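[1] 3D, please:
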Amino acid sequence: MKSNQVLVDVKAVDKIFKRGSEEIHVLGGLDLEIPEGEFLALMGPSGSGKSTLLNIIGGLDRPSEGRVDVGGERIDKMSERRLAGWRARHVGLVFQFYNLMPTLSAERNVELPLLLTHLSRSQRRRHVDIALDVVGLSHRKSHFPKTLSGGEQQRVGIARAIVTDPTLLLCDEPTGDLDAKSSDEILDLLQALNKEHGKTIIMVTHDRHAAERASRTLFLNKGRLSLEQVT
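    Predicted structure coming up:
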């Protein structure tokens with residue numbers, strides 16, 4: 001459930017990539033506030049900076065200028081070591097192509113983030129069982145990725161993302177590799193995680209149908225955010 005408390009506060013963020021002597025300005029003076037419990041969709045053309053912004057919010061990349069506060073912590077100024085620990089506690093990532101380990105079962109894939117914690121093996125297994133139950137895959141926990149459908153693999157990916165009970169769930173084109181039926185099932189699941197479990201979700205997508213499931217959609221173009229798509 002969405003609250004009035006700001007969870008993510010991005011202020012005057014620039015991002016510049018260097019290619020030889022050339023500077024590529026991806027984000028320019030960008031401001032963004034995301035309340036706790038919101039389901040936000042980010043849309044825009046390829047190369048508009050959507051994934052870059054997602055990575056900056058998730059502490060996977062740093063802005064060239066500006067500040068990023070998440071849950072009252074200024075992550076852009078954290079050391080690499082502290083930032084790695086912060087990500088492990090606060091960020092769950094869902095990818096377009098699942099990024100599952102093919103030699104591990106579904107339950108072992110979901111367990112991977114927990115190996116960075118101090119939980120005992122029995123505690124890790126309990127967390128894994130809960131996460132797989134939430135995504136409706138308890139009956140498939142011993143199966144390997146190659147025996148699962150694309151939709152099931154993405155459900156495993158979502159279970160892996162939520163198993164640590166993260167503050168933020170960051171989804172980069174989570175339905176981009178799925179058929180229409182599987183896409184709808186994944187979007188149903190994301191909505192349930194948002195509405196029933198209170199997860200704050202930021203989803204990058206090219207798909208308007210997917211964006212309609214979010215509580216708010218913003219369009220990113222030439223490093224700027226707007227409420228309307230720029231044509």
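[2] so residue 153 sits against residue 144, correct?
    No: checked against Cβ atoms under 8 Å, the pair residue 153 and residue 144 is beyond contact range at 10.2 Å. For glycine as for every other residue, the C-beta is placed from the backbone atoms N, C-alpha and C.
[3] so which of those two has more stuff around it?
    residue 153 (24 against 16; other Cβ atoms under 10 Å).
[4] tell me the contacts of residue 13?
    27, 29, 30, 31, 53, 56, 63, 65, 66, 67, 68 (Cβ atoms under 8 Å, 6 or more residues apart in numbering).
[5] so the closest residue to residue 113 other than its chain neighbours is in which element?
    Nearest non-adjacent residue to residue 113, counting by Cβ to Cβ, 6 or more residues apart in numbering: residue 164, 5.2 Å away. Assessed by DSSP states H and E, residue 164 sits outside every helix and strand.
[6] ok, longest helix in the chain?
    As assigned by DSSP state H, the longest helix anywhere in the chain is helix 180-195.
[7] C-terminal to that helix, what's the next element?
    Following helix 180-195 in sequence, per DSSP H and E, is strand 200-204.
[8] which residues touch whichever helix or strand comes after that following strand?
    Remark: after strand 200-204, the chain's next helix or strand is helix 208-211, criterion DSSP H and E. Contacts to helix 208-211, defined as Cβ under 8 Å, 6+ apart, come from residues 41, 43, 174, 175, 183, 187, 203, 205, 217.
[9] now for these: which two are most distant?
    183 and 217 (16.6 Å; Cβ to Cβ).
[10] could you say what helices and strands the helix or strand of the chain with the lowest mean pLDDT packs with?
    Here the helix or strand of the chain ranked lowest by mean pLDDT, DSSP states H and E is strand 224-226, holding a mean of 83. Under the contact criterion of 3 or more Cβ pairs under 8 Å, 6 or more residues apart in numbering; DSSP states H and E, strand 224-226 touches strand 22-35, strand 216-221.
[11] tell me where the protein has helices.
    Using DSSP H, helices in the chain cover 50-57, 80-90, 106-111, 121-134, 150-162, 180-195, 208-211.
[12] could you save these as JSON lines and add columns showing mean pLDDT and distance to residue 73?
    Formatted as JSON lines, the helices of the chain follow (pLDDT from 0 to 100; distance: least, Cβ to Cβ, whole Å):
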{"stretch": "helix 50-57", "mean pLDDT": "94", "distance to residue 73": "12"}
{"stretch": "helix 80-90", "mean pLDDT": "93", "distance to residue 73": "7"}
{"stretch": "helix 106-111", "mean pLDDT": "97", "distance to residue 73": "26"}
{"stretch": "helix 121-134", "mean pLDDT": "96", "distance to residue 73": "24"}
{"stretch": "helix 150-162", "mean pLDDT": "95", "distance to residue 73": "20"}
{"stretch": "helix 180-195", "mean pLDDT": "95", "distance to residue 73": "22"}
{"stretch": "helix 208-211", "mean pLDDT": "93", "distance to residue 73": "29"}
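[13] which one of those lies nearest to residue 72?
    Once the helices of the chain are compared by Cβ to Cβ, helix 80-90 is nearest, at 11.4 Å.
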